[in-house]
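**Q** Pasting a predicted model and its sequence here:
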Amino acid sequence: MKKIGILFGQEDSFPQAFVDRINAKGEKDITAEFVRVDKVLQGEPLDYAVIVDRISQDVPFYRAALKNAAISGTAVINNPFWWSADEKFFNNALAVKLGVPVPKTVLLPSREHPTDTNEKSFRNLAYPLDWDGIFDYVGFPAYMKPFDGGGWRDVYKISDKEDLWKKFEGTGQLVMLLQEEIIFEDYFRCYCIGGKHVRIMQYEPRNPHHLRYEHGKAPADQKLLDTIKEYVLKLNQYLGYDFNTVEFAVRDGIPYAIDFCNPAPDADIKSVGEENFEWVVETAANYAIERAKQQKPDADNLTWGEYVKTSVGKSPLVSAKPVKATDVTVTQVDHAITDEGKLTGEDKPKKAAKPKAVKELKAEQPATTTEAKPKPAKATKATKTAIPVVEEPKAETESVVKPKAKKTTKKKE
C-alpha cells in the first residue's frame with residue numbers, strides 16, 4: 001500500500017478535501033492521510049510514497065525532515081532542496097533570461113548588519129550605492145519588499161526617494177527588493193500543477209480579500225490568455241515547481257509576471273471560491289496519485305526544473321523543449337462587483353529625477369537627502385529595529401519618523 005500524505009499548518013479546508021478526494025477515488029493500493037511525524041532518524045524513510053508540503057517554509061524542522069524523506073525515496077511536492085535555494089530576485093532574473101516580462105527590479109542590502117557581522121564584512125560593497133542609477137532604472141512609484149518574502153508581509157509602496165529613506169529605516173536585517181510599479185488594466189492569478197495543468201483566474205488585488213476573485217470584469221482576450229498560459233508553463237517548468245501560482249499584471253496588453261515563487265499557494269475555499277477550490281482539489285489529488293504510481297523506493301522521485309537540468313548538462317538555458325499543457329481552464333464571472341479599487345492620479349508613474357513630496361506625511365520634507373542616504377548599521381542585541389507589517393500594496397498612511405544622519409569616522413564598505 002502506498003500512502004500519500006499532506007503536511008500542513010493553520011489551513012483547514014484544502015488538506016481535508018485533498019485527503020477525502022483521493023480516498024474517494026478508490027485507487028488500488030493507494031491511500032491518503034495527514035502526515036504524522038513522531039521521530040526523524042537520519043537516512044530513514046517517513047513511510048510515505050508522496051508528501052504534499054504546505055508548511056515547511058515556516059517550519060525549518062519540517063523542511064529538514066522532508067529532505068531526509070526525499071533522500072529515502074519519498075516524492076515531495078514541492079522539491080524541498082530547490083525550494084530552500086529559490087527566492088524572488090533569482091526568479092526575476094530567470095524570467096528575464098527566458099523572455100518573460102517582469103517589472104524592473106533591483107536588490108538592496110539590508111539596512112542593518114546581519115547578526116555576527118560588522119563593517120569589515122562589507123568591504124566589497126560600495127558606499128554609497130549608485131542610488132541615482134537605481135532610481136533612474138526602477139522609477140517611482142515603486143514597491144519595496146523582501147527578496148524572499150511572501151503573504152504581503154513587509155511590503156511598502158514607495159512614492160519617491162524621500163519616502164524610501166524613511167521606510168528603509170524600518171526594514172532591519174531584511175534584504176529588500178525595489179521594484180517598478182505596474183499600473184495595470186487587468187490582473188491574473190494562475191495555478192499550475194505538475195508543470196502541465198493550468199488554471200487562469202482573473203483577479204483584483206485591490207479588492208477586499210474575499211472579493212479578489214469576484215472581479216466583475218469582462219472575459220479576457222484569448223490571445224492574452226494564450227500568452228499567459230505559455231509564460232506560466234515556461235516559468236514552472238524551468239523552476240521545477242509541482243504546485244505553484246503565478247500572478248500577472250497586464251499593462252498596455254503585456255502580461256508582467258509579478259509574483260511566481262508561491263510553492264504553498266492559498267487554496268482556501270473562503271478566498272478562492274468554490275469553483276476554483278474544486279479545480280485545485282481535483283487536480284492536486286489526481287497529480288498526487290500519478291506521482292504515487294510512479295514513485296520508486298530508495299530512488300530520487302523529486303521534480304527538478306529545466307534550469308537545474310541544463311546546468312548539470314552544461315547545455316544552453318533556453319534549449320530545453322517545454323512540456324505542453326495537459327489542460328488549461330479559465331474562470332468565468334457573470335456578475336459585477338461595485339467596490340473595486342480605482343486608479344487615481346497619484347498612482348500614475350513618474351520619473352525618479354523629480355520626486356514629489358509624500359502626500360500622506362504631514363511633516364515638511366527636506367529639499368535634499370544628502371545626509372539621509374541609508375547605509376548598513378550594526379544591529380545589537382540590546383536594540384532591535386521594529387519591522388512594520390503592511391498587508392496590502394497601497395500607500396502608507398502612518399506617520400514615519402525621519403531618519404537622522406549618522407556621524408561616521410570611517411566609511412562602511
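**A** Received it, and whenever you're ready, just let me know what you need. Numbers count the residues shown, from 1 in each chain.
**Q** pLDDT below threshold where in the stretch 201-350 of the chain?
**A** Scanning the stretch 201-350 of the chain for pLDDT under 70 picks out 214-216, 319-324, 332-350.
**Q** tell me the strands in it, going along the chain?
**A** 243-251, 254-259, 327-330 (DSSP state E, counting those that start in this stretch).
**Q** Go ahead and measure how far the first one is from the middle of the chain.
**A** Here strand 243-251 shows a centroid-to-chain-centroid distance of 10 Å under the convention Cα atoms, centre = their mean, to the nearest Å.
**Q** give the contact list for F89.
**A** T105, L107, F147, L177 (Cβ atoms under 8 Å, 6 or more residues apart in numbering). C-beta: built from backbone N, CA, C; applies to glycine.
**Q** What distance do you get for the first one to S84?
**A** Yep, that's T105 we're talking about. 22 Å (Cβ to Cβ, to the nearest Å).
**Q** next one: the third one
**A** Computed as Cβ to Cβ, the F147 to S84 distance reads 15 Å.
**Q** Pull up the gap between the spatially closest residue to P141 that is not a sequence neighbour and F61, please.
**A** Once flanking residues are discounted, P141 sits nearest to E181: 4.7 Å by Cβ to Cβ, 6 or more residues apart in numbering. Distance of E181 to F61, given as Cβ to Cβ: 37 Å.
**Q** now do V280
**A** Note on V280: its distance to F61, by Cβ to Cβ, is 27 Å.
**Q** Settle it for me: which of these two has more neighbours?
**A** For the pair V280 and F61, the greater number of neighbours falls to V280 (23 against 10), based on other Cβ atoms under 10 Å.
**Q** My read is that that one contacts R199, right?
**A** Yes. V280 lies in contact with R199 (Cβ atoms under 8 Å); the separation is 7.0 Å.
**Q** any residues in contact with both of the two?
**A** Common neighbours of V280 and R199 are listed as Y191 (criterion: Cβ under 8 Å, 6+ apart).
**Q** can you pull out the helices in the protein?
**A** All helices of the chain, identified by DSSP state H, fall at 13-25, 60-71, 80-85, 88-98, 131-138, 161-168, 222-239, 269-272, 274-294, 306-312.
**Q** Among those helices, which comes closest to A32?
**A** Closest approach to A32 among the helices of the chain is made by helix 13-25 (3.7 Å; Cβ to Cβ).
**Q** Report all helices and strands that the closest one contacts.
**A** Packing partners of helix 13-25 (3 or more Cβ pairs under 8 Å, 6 or more residues apart in numbering; DSSP states H and E): strand 2-7, strand 30-34, helix 269-272, helix 274-294.
**Q** contacting residues around the second one?
**A** Read it as strand 30-34. 1-6, 8, 15, 18-19, 22-23, 285, 288-289, 292-293.
**Q** Buried subset of these, written for PyMOL?
**A** Listed next is the PyMOL selection for buried residues among the contacts of strand 30-34, using 16 or more other Cβ atoms under 10 Å:
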select buried, resi 2+3+4+5+6+8+15+18+19+22+285+288+289+292
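**Q** didn't F140 look like it was pressed against D160?
**A** Yes. F140 is within contact range of D160, at 5.2 Å (criterion: Cβ under 8 Å).
**Q** Give me the more crowded residue out of F147 and S84.
**A** When neighbours are counted by other Cβ under 10 Å, F147 and S84 differ, and F147 comes out ahead with 19 against 15.
**Q** what's the offset of stretch 83-103 from the middle of its chain?
**A** Taking Cα atoms, centre = their mean, one finds the center of stretch 83-103 at 10 Å from the center of the full chain.
**Q** first to last residue in that stretch, what's the distance?
**A** By Cα to Cα, to the nearest Å, the extent of stretch 83-103 from end to end equals 22 Å.
**Q** Could I get the buried residue list for it?
**A** Applying a neighbour-count criterion of 16+ other Cβ under 10 Å, one finds 83, 86-92, 94-95, 98, 100-103 buried in stretch 83-103.
**Q** contacting residues for A64?
**A** V40.
**Q** quick check: domain ranges of the protein?
**A** Segmentation of the chain into domains, based on automatic domain parsing, reads 2-84, 109-182+344-378, 186-330.
**Q** Alright, that wraps it up for me.
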